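Curious how this folds, go ahead:
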Amino acid sequence: MSFYNPPTLQQLAIKGLLRNEALVISSLDCIPIMLFPPLFEEAFKGRHTMILKAMVAAWPFPYLSVGVLMKTPEVETLQAVLDGIDMLLTQKARLRRQKLQVLDLRNVRQDFWDVWAGRENGAHAEDSGREKQVVKSLHTYALWQPLKLVTDLSLCFHLQEHQICLIQWAQQRRGSVHFCCVKMEISDFPVETIREVLDIFRPHYIEELEVFTRKVLSFLGHFAPFLSQMRNLRKFRLSLNDLVMDREALDKCLYKFLTQFSKLNCLQHLSLNGVYFSTDNMKQLCRCVKTPLESLSITQCPLSQSHFKQLSRCPKLYQLKQLDLSGILLFTSHPTGLQVLLENVADSLQTLELEHCSLEDSHLSVLLPALSQCSQLTRVNFCDNPFSRPVLKDLLQCMATLNQLAVELYPAPIECYDHLRNVLVDRFAQLCPELLDIIIAKRQPKKISFATTICLECRHRCVYDMKTILCQCWQ
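Next up, the predicted model:
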């Protein structure tokens with residue numbers, strides 16, 4: 001049975017208004033304030049650019065979130081919004097009544113729009129606490145500042161058409177609009193253009209930064225001064241595809257880059273991928289981190305005993321909640337430094353990623369006492385490490401005492417492979433349930449699995465998670 005859901009009077013009124021563009025524009029001073037958000041939303045969806053332009057100029061609230069409506073950024077609608085800002089800036093009557101003070105181009109959650117359009121029903125109040133707090137701070141700031149434009153920027157390979165539109169417009173209005181980028185992503189982007197962008201969107205306001213580059217030496221050298229200005233940076237991810245042959249030059253460049261970390265007074269989350277550390281550079285990193293980190297990720301690089309020794313002595317890591325060492329090459333036969341680091345973070349650590357980090361039986365035996373102390377762990381990942389069945393049993397007996405664990409990912413024991421590293425399917429199906437019984441004997445696991453290495457033919461794994469799921473080659 002189908003039910004007819006007739007449109008509301010408000011929806012009918014909005015549709016009627018949008019059919020007469022001139023009437024809408026001429027009547028904006030008479031339209032009830034609370035009709036503005038739904039009317040603007042429908043005008044945006046229908047690409048009524050002249051109405052959008054006029055509504056931005058007449059916006060009766062101090063805050064306007066446009067990014068939530070831009071599912072796919074379009075130059076036409078973006079230009080209409082920017083033209084509305086131009087109208088607003090030239091209106092002599094702007095100071096006589098409260099109008100737009102913050103234009104937000106970020107793609108924040110939909111309830112963000114509802115809150116500031118006056119349609120909040122409380123259903124998402126708890127989930128959107130941080131977002132509303134951000135808007136509140138922007139609003140308070142805007143009361144004594146010029147109009148503020150807030151956005152996120154993804155600078156990947158080259159500028160897209162809508163980005164060119166925004167940046168060209170912004171270059172001409174730096175004196176009348178305050179530009180703020182909260183989250184920035186840079187991927188193999190020309191340093192010269194980055195410099196132009198950061199001349200408009202000042203580095204001081206960036207809170208999240210993700211950088212990937214293949215031109216390591218030239219990029220790090222030119223970007224270091226900008227990093228030192230990012231005093232509000234909370235999250236930083238640096239990924240390097242290191243093709244540099246001159247190791248000495250790279251070490252010196254990286255040393256100077258890491259020195260800038262001493263200026264990052266708000267840093268909480270640090271991720272370094274493919275960054276090859278000398279001993280001196282690891283010392284410099286530990287010395288320059290000034291705030292207690294919540295998460296640390298050092299992946300896809302070799303780490304020696306001296307590296308872990310430095311990390312274990314860094315007091316700013318003692319409150320870690322997340323530690324990711326996936327893909328490291330463990331250049332030590334007795335990882336006491338990693339053992340001490342785990343002991344230091346045992347009271348706070350919640351997530352531990354040790355996937356594909358060349359751990360062997362001898363390494364795991366050293367780490368087990370420290371792992372047993374990590375009582376707050378909710379997620380562990382030991383996949384793609386060559387553990388034998390006896391040592392894997394020891395690990396599971398250790399993990400079975402940790403009652404907070406919600407996600408557990410373990411490797412299949414080496415006894416499940418032949419001498420060519422092919423999976424022995426029958427052996428896999430036999431051993432994994434036996435290993436799972438070790439956990440079940442002490443507690444009921446929430447999400448647990450045992451997995452083989454990735455099959456080179458089909459690029460899938462054989463997985464046991466209460467039932468055996470074979471890769472495509474064995475099905």
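
my guess is Q79 meets C165, correct?
Yes - contact criterion C-beta atoms under 8 Å: Q79 and C165 qualify, at 5.9 Å. Backbone N, C-alpha and C define where each C-beta goes, glycine included.

for stretch 217-230, what is the average pLDDT?
Per-region confidence: stretch 217-230 scores 90 on mean pLDDT.

brain fart, stretch 415-422
Rounded mean pLDDT across stretch 415-422 is 92.

Between the two ends of that stretch, what distance do you get?
End-to-end distance for stretch 415-422: 11 Å, by C-alpha to C-alpha, to the nearest Å.

What are the buried residues along that stretch?
Residues of stretch 415-422 classed as buried: C416, Y417 (neighbour count, 16 or more other C-beta atoms under 10 Å).

swap in stretch 51-71?
So, applying 16+ other C-beta under 10 Å, buried residues of stretch 51-71: 51-70.

Would you map the helices across the stretch 251-400 of the chain?
Remark: helices assigned in the stretch 251-400 of the chain by DSSP state H, counting those that start in this stretch are 279-288, 305-312, 336-344, 361-371, 389-399.

quick check: angle from the third one to helix 305-312?
Computed with axes from the mean of the first three to the mean of the last three C-alpha atoms, to 10 degrees, the direction of helix 336-344 lies at 20 degrees from that of helix 305-312.

In a helix, S239, correct?
No - assessed by DSSP: H, G, I helix; E, B strand; the rest coil, S239 does not belong to a helix; its assignment is strand.

give me every residue that touches it.
E210, V211, F212, T213, N273, G274 (C-beta atoms under 8 Å, 6 or more residues apart in numbering).

what pairs with it across the strands?
For S239, the beta-bridge partners are F212, N273 (DSSP bridges).

tell me which residues form a beta bridge with Y63?
Bridge pairing for Y63 - DSSP bridges - gives V102.

ok, it to P73 distance?
Distance, Y63 to P73, using C-beta to C-beta, to the nearest Å: 20 Å.

Strands along the stretch 1-150 of the chain, start to end?
63-65, 102-104, 148-156 (DSSP state E, counting those that start in this stretch).

what helices or strands is the second one leaning on?
The reference is to strand 102-104. Strand 102-104 sits against strand 63-65, helix 129-142, strand 148-156, with contacts defined as 3 or more C-beta pairs under 8 Å, 6 or more residues apart in numbering; DSSP states H and E.

Which positions are bridged to the closest residue to P146 other than its chain neighbours in the beta structure?
Of all residues not flanking P146 in the chain, H178 sits nearest, at 5.1 Å (C-beta to C-beta, 6 or more residues apart in numbering). With DSSP bridges as the criterion, H178 is bridged to K148.

ok, so what distance separates the nearest residue to A412 once chain neighbours are set aside from A429?
The shortest distance from A412 to any non-neighbouring residue, by C-beta to C-beta, 6+ apart, is to T452 (4.7 Å). In this view, T452 and A429 are 11 Å apart by C-beta to C-beta.

And these two? Which one has more around it.
T452 (27 against 15; other C-beta atoms under 10 Å).

List the residues that contact that one.
T452 neighbours (C-beta under 8 Å, 6+ apart): P411, A412, C416, Y417, V423, F428, R461, C462, V463, C471.

close enough to count as contact, the third one and D426?
Same thing as C416. No - the criterion here is C-beta under 8 Å, and C416 misses it with D426 at 9.5 Å.

Low-confidence ranges, the stretch 351-475 of the chain, go.
By pLDDT under 70, the stretch 351-475 of the chain has no low-scoring segment.

The same query, at a cut-off of 80, please.
473-475 (pLDDT under 80).

what separates stretch 59-68 from the chain centre, distance-wise?
25 Å (C-alpha atoms, centre = their mean, to the nearest Å).

do stretch 175-188 as well
17 Å.

Same question for stretch 227-241.
12 Å.

Send over that stretch as CSV, restricted to the C-alpha atoms.
The C-alpha coordinates for stretch 227-241 follow below in CSV (Å, rounded to 0.1, in the frame of the first residue of the first chain):
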residue,chain,number,x,y,z
LEU,A,227,54.9,24.6,8.8
SER,A,228,56.5,26.7,11.6
GLN,A,229,53.6,29.2,11.3
MET,A,230,50.9,26.5,11.9
ARG,A,231,50.5,27.2,15.6
ASN,A,232,47.0,25.7,15.7
LEU,A,233,47.9,22.4,13.8
ARG,A,234,46.3,19.4,15.6
LYS,A,235,46.7,16.7,13.0
PHE,A,236,49.7,16.3,10.6
ARG,A,237,50.3,13.5,8.2
LEU,A,238,53.5,13.4,6.1
SER,A,239,54.0,10.8,3.4
LEU,A,240,57.2,10.7,1.4
ASN,A,241,58.0,8.6,-1.7
